[in-house]
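>>> whatever this is, show me its structure:
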Amino acid sequence: MEVSVEKQSKQKLNKLLVVIGILLAAFIYINFNATIEDVADFNIELHTTDVPILVGDSTTFQVLVYDSENLVVEKAKLSISLSDENNEMDSIKQNLYHVENGLYETEVQFLQSGNWHAKVEVNDGKYRQKETFPILVEAY
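Residues are numbered from 1 along each chain as shown. Below you'll find the predicted structure:
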C-alpha cells in the first residue's frame, strides 16, 4: 500500500512540475516577444538623390522618419529591402545610417531595370513599422 501511495505522489509531483514548466515557458515567450510592437505611427518618406534611377549607377536612398507628433526620430534602426516586381533577382538588403534630424541614408546599385519594391523597416527599440514604396529603375 505504501508503494502505491508513494508512486501516486511522485506522478502528481511530475505532472505539477510539467504544468509549471509549460506556464513558465509561456510567460517567458510572451514577455520576450511582446517587447517590440509591430504597430507604430511613424511617418516614413523615401527619396532618391538621382532621378531617374538608372541601371548600373549608384543611387543614394534617403529616408525621413517622423513620429505621430511630427518630431524627428533620431535613434532608430532602419533597413531597406529592394526586390524586383518579377522576383528575377535576389533582393538587395541594406541598413541605413543616421545622417541628421531624422534623415537616414544608404547607397544602392541596381543591375536590372524595371519596377521594384522598396520595403523600409523602422525599429526604434519600442515600435517597429514597415512600409513599401514603388521604385522604377530605367535602362541607359
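>>> and the next helix or strand past the helix or strand bottoming out on mean pLDDT in the chain?
Using mean pLDDT, DSSP states H and E, helix 2-33 stands out as the lowest-scoring helix or strand of the chain, at a mean of 75. Using DSSP states H and E, the next helix or strand after helix 2-33 towards the C-terminus is strand 43-48.
>>> which positions within that following strand qualify as buried?
By 16 or more other C-beta atoms under 10 Å, the buried positions in strand 43-48 come out as 43-44, 46. Where you see a C-beta, it was placed from the backbone N, CA and C, and this is true even at glycine.
>>> can you count the residues close to Arg140?
That one is not Arg; residue 140 is Tyr. 7 (other C-beta atoms under 10 Å).
>>> coming back round to it: now tabulate the buried residues of strand 43-48 in CSV and tack on distance to Thr106 and pLDDT.
As requested, the buried residues of strand 43-48 are arranged in CSV below (distance: C-beta to C-beta, whole Å; pLDDT from 0 to 100):
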residue, distance to Thr106, pLDDT
Asn43, 19, 92
Ile44, 14, 94
Leu46, 11, 96
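>>> can you pull up the most central residue in this protein?
Glu121 (4.8 Å; C-alpha atoms, centre = their mean).
>>> which residue ranges make up each domain of this protein?
1-35, 43-138 (automatic domain parsing).
>>> can you pull the poorly scored residue ranges out of this structure?
Across the chain, the ranges flagged by pLDDT under 70 are 1-5, 29-39.
>>> just the buried positions in stretch 131-140, please.
Using 16+ other C-beta under 10 Å as the test for burial, stretch 131-140 gives 133, 135, 137.
>>> give me the residues contacting stretch 80-90.
The contact list for stretch 80-90 (C-beta atoms under 8 Å, 6 or more residues apart in numbering) reads 61, 63, 91-94, 96, 106, 108, 110-112, 114-121, 135.
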